[in-house]
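Trainee: Sequence and predicted model, in that order:
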Amino acid sequence: MNKKESYKNPVFFISATILGLLVIIGAFMPEQFGSVAQMLFDFTTVNFGWFYLLAVFSIILFLVGISVSKYGKMRLGPEDSRPEYPFFTWVGMLFSAGFGVSLVFWSVAEPMSHFFVTPFPGLEPQSEEAARVAMGYSFFHWGISQWAVFAIAGLGIAFLQFRKRKSGLVSVAIEPVIGKNRGIANTINILAVIATVMGVATTVGLSFIQLNGGLSSVFDIPNSIGVQVIIALVMMACYLVSSGTGLDRGIKWLSNINLGIALLIMGIVFILGPTVFILNSAVLGLGDYITNFIQYSLRLTPYAGGEWVYDWTIFYWAWAIAWSPFVGAFVARVSRGRTIREFIAGVMVVPPAIACLWIAVFGGTALHSDLNNGTRIAEAVDEDVTVALFEALGAVPFTDILSVISILLIFTFMVTSADSATYILGTMTSKGSLNPALVTKIIWGVLITAIALVLLFTGGLDSLQTASLTAALPFTVILLIMIISIWKSIKSEYKKEK
């Protein structure tokens, strides 16, 4: 599709217009925007939290079932097709475009938050038992549940895109159930674009703050909005250059670099840190995760009350669901040629395994330091979550060197996420084209950075994130429809082949 045709697409204009209005409101009326966003988010989570939990649990059961069935051998593409990318590159792309930058942010912040304010009433904060529960719950939140949401969206898009040769849009992935309706299709795609831009802009904005915090702790660079603007402009220049080189160069090589740096720094901290404690806490955390999986997956507190489950589990599920159109579309795009079984196992097992290892190493190091060395990392994190990773690195030798490597990792993850997002936004607003026009990607790249900066200046970044999560409710319905759509499409294709 050429540039002119992409601009005739109403999805591009309507979504860009709505986003522009939201940013103007967020910039000039941040308090009112924040209160309305919080009200909408509270309404959806409090009234439909049970729906999110049941939906994600059902998605996991469906994906596991279909992967072990006779349909698991079918390929995402013609039967003679083979994977487009080597395994390491593929995993790097999944991890980088998924929640790589968010994991770096929360790998210490989450376990230390649960250690400081425990998930269960009556559990003593900052105790040995609180540390154990904190690790097990962090594994749960970053485990297969989040990635199952991305996998179902990716499978629905990939099967129709590569097997049936249709466009890679969320609306097309549910056509086998709802049929062809341009109005419904455009509405779904507009919602997907808005949720993607708002989610990515929030993550990018938070990354500016975290990078500034890292630079401040290592080089004494002021923690100010001016520095964050410079970081934003450098990052934007990098991901626009990367975006111009295409998927097979920019994102591919950045993803390899990301995964390589991540494994390197994780290995160094594992060796320099409390190695035996990390191994013990990782194995125990894995055991607690497996043992409590069903209980945590369906945990609500209607009798005891409290906000913890809404603030963490349901918040995370809403976050993953709101991001599912973007991450799912990207995961689909890089998975052509893999079997359904390979796809589901790769997406639902490998990135979560890396995430849990990462949490065990960095979160475990911080927990060990507070429990045994008298440090107060949990208190520091409670005051400012952006310093979490760098506080943990202070507990191991060569702190400054590791902090510099971490700053580089955050930066490359941030560039890759933004690059992936501009590619998928270009696809979404070009009727599913696998090669969206460069100028379309540039427009979205500039818009994401501008939105993040405007809302950083006005303090509306958290409000934007809260507003973006209200999209989780309609997308939960879409993902459940997608389950039926995938089942119908796969059964039909299997019978045709026989």
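Mentor: Great, that's in hand. Residues are numbered from 1 along each chain as shown.
Trainee: which intervals of the stretch 351-498 of the chain have sub-threshold pLDDT?
Mentor: For the stretch 351-498 of the chain, the stretches with pLDDT under 70 are 460, 497-498.
Trainee: let me fix that: the stretch 101-250 of the chain
Mentor: 243-250.
Trainee: could you redo the last one with a cut-off of 90?
Mentor: 101-106, 121-122, 160-170, 176, 178-185, 192, 194-229, 232-233, 235-250 (pLDDT under 90).
Trainee: quick one: the helices in it?
Mentor: 128-141, 144-158, 170-173, 175-178, 182-219, 225-245 (DSSP state H, counting those that start in this stretch).
Trainee: can I get the ones you listed in JSON lines with mean neighbour count and distance to Thr365?
Mentor: No exception for glycine: its C-beta is placed from N, CA and C like everyone else's. Shown next, in JSON lines, are the helices of the stretch 101-250 of the chain (neighbours: other C-beta atoms under 10 Å; distance: least, C-beta to C-beta, whole Å):
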{"stretch": "helix 128-141", "mean neighbour count": "23", "distance to Thr365": "12"}
{"stretch": "helix 144-158", "mean neighbour count": "28", "distance to Thr365": "23"}
{"stretch": "helix 170-173", "mean neighbour count": "26", "distance to Thr365": "39"}
{"stretch": "helix 175-178", "mean neighbour count": "17", "distance to Thr365": "47"}
{"stretch": "helix 182-219", "mean neighbour count": "22", "distance to Thr365": "16"}
{"stretch": "helix 225-245", "mean neighbour count": "17", "distance to Thr365": "26"}
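Trainee: Turn those helices into TSV, columns for distance to Trp312.
Mentor: TSV is the format used below for the helices of the stretch 101-250 of the chain (distance: least, C-beta to C-beta, whole Å):
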stretch	distance to Trp312
helix 128-141	7
helix 144-158	12
helix 170-173	27
helix 175-178	32
helix 182-219	17
helix 225-245	27
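Trainee: Can you tell me the closest non-neighbouring residue to Ala121?
Mentor: Small correction: residue 121 is Pro, not Ala. Closest residue in space to Pro121, ignoring its immediate chain neighbours: Ala304 at 6.3 Å, by C-beta to C-beta, 6 or more residues apart in numbering.
Trainee: and the one you found, how many residues sit next to it?
Mentor: 10 (other C-beta atoms under 10 Å).
Trainee: helix/strand/coil for it?
Mentor: Under DSSP: H, G, I helix; E, B strand; the rest coil, the three-state class of Ala304 is coil.
Trainee: Relative to Tyr296, how far out is it?
Mentor: Distance of Ala304 to Tyr296, computed by C-beta to C-beta, to the nearest Å: 15 Å.
Trainee: What of Ser255?
Mentor: Relative to Tyr296, and taking C-beta to C-beta, Ser255 is found at 30 Å.
Trainee: what's the answer for Ile24, then?
Mentor: In terms of C-beta to C-beta, Ile24 sits 40 Å off from Tyr296.
Trainee: Show me which of those two is the more surrounded one.
Mentor: Set Ile24 next to Tyr296 and count neighbours by other C-beta under 10 Å: Tyr296 wins out with 21 against 12.
Trainee: That one against Ser138, yeah?
Mentor: No - contact criterion C-beta atoms under 8 Å: Tyr296 and Ser138 do not qualify, at 11.2 Å.
Trainee: Mind listing the shared neighbours of those two?
Mentor: Common contacts of Tyr296 and Ser138, defined by C-beta atoms under 8 Å, 6 or more residues apart in numbering, are absent altogether.
Trainee: Please report how far Trp317 lies from Thr203.
Mentor: Counting by C-beta to C-beta, the gap from Trp317 to Thr203 is 17 Å.
Trainee: ignore the last one, Gly306
Mentor: For Gly306, the distance to Thr203 - C-beta to C-beta - is 28 Å.
Trainee: for Thr339, phi and psi?
Mentor: Here is the backbone geometry of Thr339 (degrees, to the nearest 10): phi -70, psi 160.
Trainee: That one: how many residues sit nearby?
Mentor: Thr339: 21 neighbours (other C-beta under 10 Å).
Trainee: for stretch 83-90, which positions count as buried?
Mentor: Residues of stretch 83-90 classed as buried by neighbour count (16 or more other C-beta atoms under 10 Å): Pro83, Glu84, Tyr85, Thr89, Trp90.
Trainee: From one end of that stretch to the other, what's the distance?
Mentor: 9 Å (C-alpha to C-alpha, to the nearest Å).
Trainee: centre of the chain versus that stretch, how much separation?
Mentor: The chain centre lies 20 Å from the centre of stretch 83-90; the measure is C-alpha atoms, centre = their mean, to the nearest Å.
Trainee: Can you name the residues in contact with stretch 53-67?
Mentor: So stretch 53-67 is contacted by 72, 144-145, 148-149, 151-152, 155, 297-300, 313-314, 317, 320-321, 340-341, 344-345, 348, 476, 479-480, 483, 486-487, 490 (C-beta under 8 Å, 6+ apart).
Trainee: Inside helices: which ones of those residues?
Mentor: 144-145, 148-149, 151-152, 155, 297, 317, 320-321, 340-341, 344-345, 348, 476, 479-480, 483, 486-487, 490 (DSSP state H).
Trainee: Count the neighbours of Val36 for me.
Mentor: Neighbour tally, Val36, other C-beta under 10 Å: 16.
Trainee: who are the neighbours in contact with it?
Mentor: Applying C-beta under 8 Å, 6+ apart, the residues near Val36 are Ala467.
Trainee: The one 5 residues further on now?
Mentor: If you count contacts by C-beta under 8 Å, 6+ apart, Phe41 has them with Ala318, Thr466, Ala467, Leu469, Thr470.
Trainee: just Phe315 next, same as before
Mentor: Counted by C-beta under 8 Å, 6+ apart, Phe315 has contacts Thr45, Leu469.
Trainee: before we move on, what about Leu453?
Mentor: Gly205, Gln228, Val229, Ala232.
Trainee: and the residue nearest to Pro121, how far is that from Gly199?
Mentor: With C-beta to C-beta as the criterion, Ala304 and Gly199 are 31 Å apart.
Trainee: a helix runs through Leu409, doesn't it?
Mentor: Yes - applying three-state DSSP, one finds Leu409 inside a helix.
Trainee: I'd guessed it sits against Ala262; true?
Mentor: Yes - under the criterion of C-beta under 8 Å, Leu409 makes contact with Ala262 at 6.1 Å.
Trainee: Now do the contacts for Thr45.
Mentor: By C-beta under 8 Å, 6+ apart, the neighbours of Thr45 are Tyr52, Tyr310, Ile314, Phe315, Ala318.
Trainee: Quick one, grab the pLDDT at it.
Mentor: Per-residue pLDDT puts Thr45 at 91.
Trainee: what about it, which helix or strand?
Mentor: helix 30-68 (DSSP states H and E).
Trainee: thinking in terms of the whole chain, how far from its middle is that helix?
Mentor: 14 Å.
Trainee: and that helix with helix 144-158, angle?
Mentor: 80 degrees (axes from the mean of the first three to the mean of the last three C-alpha atoms, to 10 degrees).
Trainee: Name the residues of helix 30-68 that come out as buried.
Mentor: 30, 33-34, 36-37, 41, 44-45, 48-49, 51-53, 55-57, 59-60, 62-63, 66-67.
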